[in-house]
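Visitor: Sequence and predicted structure, then a few things I'm wondering about:
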Amino acid sequence: MPAAATPRPPTPCHRYRPRSHRFRPRYLLFVCTLLSLVGCAILNRYILVPKQNLTATPAQYRIPYQEVWFKTRDGVELNGWFLPGAPGRPLVLLFHGNAGNLSDNLGCLRLLHSSGLPLFIFDYRGFGRSNGEAFKESDFYRDARGALAYLGRQGWSRDRIIFFGQSLGAAVALQMALEGKPAGLVMEGSFTSMEDMVKHVSRLAYFTVGWWGVRLSFDNFHKIARAGVPLLLIHGDRDPVTPVEMSRRLYLRAAAPKMLHIITGGGHCDAYEVAPASYLAVWQSYLLALPAAATAAAPSPRS
């Protein structure tokens, strides 16, 4: 009777460990990259809240206006409004904030237009009737450059335009001021950086996801010292979104000439309705301090 076969010893696990170790760094890198991309996507989409439906137009206030369409350099078609004003007044280019569109800014447009200021406002990609989707910080800058290129074709040079940004739009206005000096820069309800905003809203979210997941820096704090144009900062002292201290920090860091106007009882970018007389008064004081080039004759309309 043949002897029973000696059972084959099981393969030692340690013989396979080196192979496992070789692939572990790649696996970890893949996981970390995936988490980073997912975190970035979630945070960006949470932060950016476009609104498509227009609820009104300047015509409802009997304000003459022209609806315009223009394209960015990457081919996205954007929608805007031009509201003509009195001769010899600088053009106010309004960069609106997040979670809104053209029609949500009619109250502010109406008040500024009542003082004779010509105005231009447009929707970023994915906002209002504009095409595309705003997902990255650079998308907002591309759209702003497209608006400035359109205005340039209409005869408006930067030294006769006031860049006026509200909240998120203040960061866009500041970046455009760094790329080419305007007549002036007005920032309302602005923040120091998106990183600071995430930290302000939820320190837990910041320290778990925000510190590596935020890909929208909008770093106003480090940019504002380099603006070098007449600056007006407006902020409500009861702003529930961006703390008024952020505008105070920006003011301290900015170079002269500069003005800071705190609206008592003001919320987030609603100073025009909380204190309209005071709001217009500070705008008028600011306009008087602008260079003479800003009040040159308005260009003739172009098709």
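Guide: Yes, it's here.
Visitor: from here on, contacts and neighbour counts on C-alpha atoms
Guide: Noted.
Visitor: which residues does Asp128 contact?
Guide: Not quite, residue 128 is Gly, not Asp. Shown in contact with Gly128 (Cα atoms under 8 Å, 6 or more residues apart in numbering): Pro50, Lys51, Gln52, Asn53, Leu54, Asn79, Gly100, Asn101, Leu102.
Visitor: residues contacting the nearest residue to Leu168 once chain neighbours are set aside?
Guide: With sequence-adjacent residues excluded and distances taken as Cα to Cα, 6 or more residues apart in numbering, Leu168 is closest to Gly97, at 4.7 Å. By Cα under 8 Å, 6+ apart, the residues touching Gly97 are Gly165, Gln166, Ser167, Leu168, Gly169, Ala170.
Visitor: Tell me the spacing between the nearest residue to Arg142 once chain neighbours are set aside and Lys51.
Guide: Nearest residue to Arg142 in three dimensions, chain neighbours excluded: Thr72, at 6.5 Å (Cα to Cα, 6+ apart). As judged by Cα to Cα, to the nearest Å, Thr72 and Lys51 stand 20 Å apart.
Visitor: Equivalent analysis for Tyr61, please.
Guide: Per Cα to Cα, Tyr61 is found 22 Å from Lys51.
Visitor: cool, and Leu102?
Guide: Note on Leu102: its distance to Lys51, by Cα to Cα, is 10 Å.
Visitor: Just want to know which of the two has more residues nearby.
Guide: More neighbours surround Leu102 than the other of Leu102 and Lys51, with 29 against 17 (other Cα atoms under 10 Å).
Visitor: The more buried one reaches Asp123, doesn't it?
Guide: Yes - contact criterion Cα atoms under 8 Å: Leu102 and Asp123 qualify, at 6.2 Å.
Visitor: Distance of Arg153 relative to Gly146?
Guide: Taken as Cα to Cα, the span from Arg153 to Gly146 is 11 Å.
Visitor: what about these two, which has more around it?
Guide: Higher neighbour count among Arg153 and Gly146: Gly146, with 21 against 11, using other Cα under 10 Å.
Visitor: three-state assignment of that one?
Guide: helix (DSSP: H, G, I helix; E, B strand; the rest coil).
Visitor: nearest spatial neighbour of it, skipping sequence neighbours?
Guide: Thr72 (4.5 Å).
Visitor: What is the burial count for the closest residue in space to Gly236 that isn't next to it in sequence?
Guide: Nearest non-adjacent residue to Gly236, counting by Cα to Cα, 6+ apart: Gly266, 3.8 Å away. The number of residues packed near Gly266 is 21, by other Cα under 10 Å.
Visitor: What does the pLDDT read for Gly266?
Guide: Gly266 is assigned a pLDDT of 95 by the prediction.
Visitor: A strand includes it, no?
Guide: No - judged by three-state DSSP, Gly266 forms no part of a strand; its state is coil.
Visitor: Report the contact partners of it.
Guide: So Gly266 contacts His235, Gly236, Asp237, Arg238, Asp239, Val274, Ala275 (Cα under 8 Å, 6+ apart).
Visitor: okay, now the third one: neighbour count?
Guide: Other residues within reach of Asp237, judged by other Cα under 10 Å, total 19.
Visitor: same thing with the fifth one?
Guide: Under the neighbour criterion other Cα under 10 Å, Asp239 is assigned a count of 17.
Visitor: from memory it sits against His268, does it?
Guide: Yes - the pair Asp239 and His268 passes the contact test of Cα under 8 Å, sitting 4.7 Å apart.
Visitor: Between those two, which contacts overlap?
Guide: Gly189.
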